[in-house]
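*Asks:* What follows is a protein structure lacking sequence information:
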């Protein structure tokens, strides 16, 4: 860590102006990153349980209780509301609203409120992702999840341990991210399987890079800002850091599922 000697600006306040004791920084950094990963893991668990629970409530094998169907899958009245009715757009867009609420309102929120909003966001994301159980086999979803977890772990570890300064990658990765968002929107209208394949492949590469880049950014944020500040500022930074890594994980998972998932 001694080679990272820059006046790194903190988004939550004044950056540290001096070098905090190295041993204290190392201990604090480990605690800080562990808190980020714990928040992220709990968020993923909430998302998974919400997605599976809602899917189980939305489908039925009883033809007399079915209120509709998608393909050969029978849906309950709740399933029709979740997957077929116009309410599906509310469930799809709600997580996006929550991301903006947390990201832009973090400085005005108490840590406990920010943490609660993150849990709510994770549950809403689970609602949004519950439809994957209608499209892909359960075995392939589990397989791709573990592939994603292994890949994410390796990429995040690289970002944490590498001595290479990845700061310059940020602008390039964000440009690529906006590019695949635009391409995805275009593909809604053209419905090209080739374009979808390209978006998925490029998207995996971009979110792989963002995982390593975000991990190094979070590490530097602590060393050059939160190590000297601590308190509520560091706590809220851990929540937004968990949100960043969580989004990278979810996007990697969904894109890999498009590439590797077996359709039901």
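*Replies:* Sure thing, it's come through. No experiment lies behind these values; they were computed from the predicted model shown.
*Asks:* Contacts made by stretch 197-210 with the rest, please.
*Replies:* 151, 155, 169, 173, 176-177, 179-180, 183-184, 187, 248, 251-252, 255-256, 258-259 (C-beta atoms under 8 Å, 6 or more residues apart in numbering). Glycine gets a C-beta too; all of them are placed from N, C-alpha and C.
*Asks:* try stretch 166-178
*Replies:* 159, 202, 205, 206, 209, 210, 212, 213, 216, 217.
*Asks:* Next, please give the residue ranges for the strands of the stretch 1-150 of the chain.
*Replies:* Remark: strands assigned in the stretch 1-150 of the chain by DSSP state E, counting those that start in this stretch are 59-60, 68-70, 73-75.
*Asks:* Return the subset of the contacts of stretch 166-178 lying in helices.
*Replies:* Of these, the ones assigned to helices by DSSP state H are 159, 202, 205, 206, 209, 210, 212, 213, 216, 217.
*Asks:* I'd like to know which of the contacts of stretch 197-210 are part of helices.
*Replies:* Per DSSP H, these map to helices at 151, 155, 169, 173, 176-177, 179-180, 183-184, 187, 248, 251-252, 255-256, 258-259.
*Asks:* from those, which would you call buried?
*Replies:* Neighbour-count burial (16 or more other C-beta atoms under 10 Å) applied to the ones in helices among the contacts of stretch 197-210 gives 151, 155, 173, 176-177, 180, 183, 187, 248, 251-252, 255-256, 258.
*Asks:* quick check, nearest of the residues you listed to residue 114?
*Replies:* For those, the minimum distance to residue 114 (C-beta to C-beta) is 19.0 Å, reached by residue 248.
*Asks:* And that closest one, how close does it get to residue 153?
*Replies:* As for residue 248, its distance to residue 153 is 12 Å (criterion: C-beta to C-beta, to the nearest Å).
*Asks:* what's the answer for residue 58, then?
*Replies:* For residue 58 relative to residue 153 (C-beta to C-beta), the value is 32 Å.
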